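> let me see the structure of the following:
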Amino acid sequence: MDEVISIENLSYNYPDGLQALNGVNLVVKRGESVALVGPNGAGKSTVLVHLNGILRSNGCIKIMDQPITDKNLKWIRSKVGLVFQNPEDQLFSPTVFDDVAFGPINMGYPEVEVRRLVKKALEEVGMSGYENRAPHHLSWGEKKKIAFATVLAMSPEILVADEPSSNLDPRAKWSLIKLLNNLQMTKVIASHDLELVQAVCKRVVMMDKGKVVVDGPADEILKNKQLLYAHGLAPAS
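Numbers count the residues shown, from 1 in each chain. Coordinates of the predicted model:
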């Protein structure tokens, strides 16, 4: 497996001076499903938004051996699909079709290809037939699926998701887990939900106070109750 994400000595301070990341190193290989876990404020979300250039800092980040620069930002964002924690941050159009089509249209694809990509993405998330629905009328779980569809329509090679199961009821959560397991691509998922992590990810990277605390097999880390409790996490039931 080759490296698709390489982070070397990534540090980041927010404008108010708060240090969010402090010397983070991380390598993700093609096809891996990696979970970032840790308490609030650990730096998980800050790492994620660096991966497609929303934030920039002093660390060296490469996506498929390419550094993130202004020149290749469009290419980076076509390869790294980011799903925000709140789907309403991702959905802003009058119809589901318009939201899912936004990315492919922005990439300059012809109308026939845009429609094909929208159809395929909605099928992948189990939302076929919702094209003409208004996103703001959907349930939270449906909004989450459409948010994933907006990213999948870009055919990314890497899926990055921030707290994908937040505010979902159990049925919607397990539907999401099934979706994630069906997606054949590299996945990086930040989550407090260790049940989801256990079901989807083979590798866990634990963060706390802007640093990587431990990085290893999910089955080992998730069984280490002392380690989990020490870093603000509760074992999956």
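
> the protein: helices as residue ranges?
Along the chain, the segments classed as helices by DSSP state H run 44-50, 73-79, 96-106, 111-124, 140-152, 170-182, 194-200, 218-221, 225-230.

> dump those to a markdown table, plus mean neighbour count, mean pLDDT and distance to Glu3.
C-beta here means a position set from N, CA and C on the backbone, and glycine is covered the same way. Output for these, formatted as a markdown table (neighbours: other C-beta atoms under 10 Å; pLDDT from 0 to 100; distance: least, C-beta to C-beta, whole Å):
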| stretch | mean neighbour count | mean pLDDT | distance to Glu3 |
| --- | --- | --- | --- |
| helix 44-50 | 22 | 94 | 16 |
| helix 73-79 | 17 | 91 | 13 |
| helix 96-106 | 21 | 95 | 25 |
| helix 111-124 | 17 | 96 | 26 |
| helix 140-152 | 23 | 95 | 22 |
| helix 170-182 | 15 | 93 | 22 |
| helix 194-200 | 21 | 95 | 21 |
| helix 218-221 | 16 | 94 | 20 |
| helix 225-230 | 12 | 93 | 27 |
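
> for Ala35, find the nearest of those.
Of all the helices of the chain, the one in closest proximity to Ala35, counting by C-beta to C-beta, is helix 194-200 (4.2 Å).

> gap between the closest one and the chain center?
14 Å (C-alpha atoms, centre = their mean, to the nearest Å).

> what packs against it?
strand 33-37, helix 170-182, strand 186-190 (3 or more C-beta pairs under 8 Å, 6 or more residues apart in numbering; DSSP states H and E).

> and the pLDDT at the closest residue to Lys225 other than its chain neighbours?
In space, and not counting its chain neighbours, Lys225 is closest to Pro235: 5.3 Å by C-beta to C-beta, 6 or more residues apart in numbering. Looking at Pro235, its pLDDT stands at 81.
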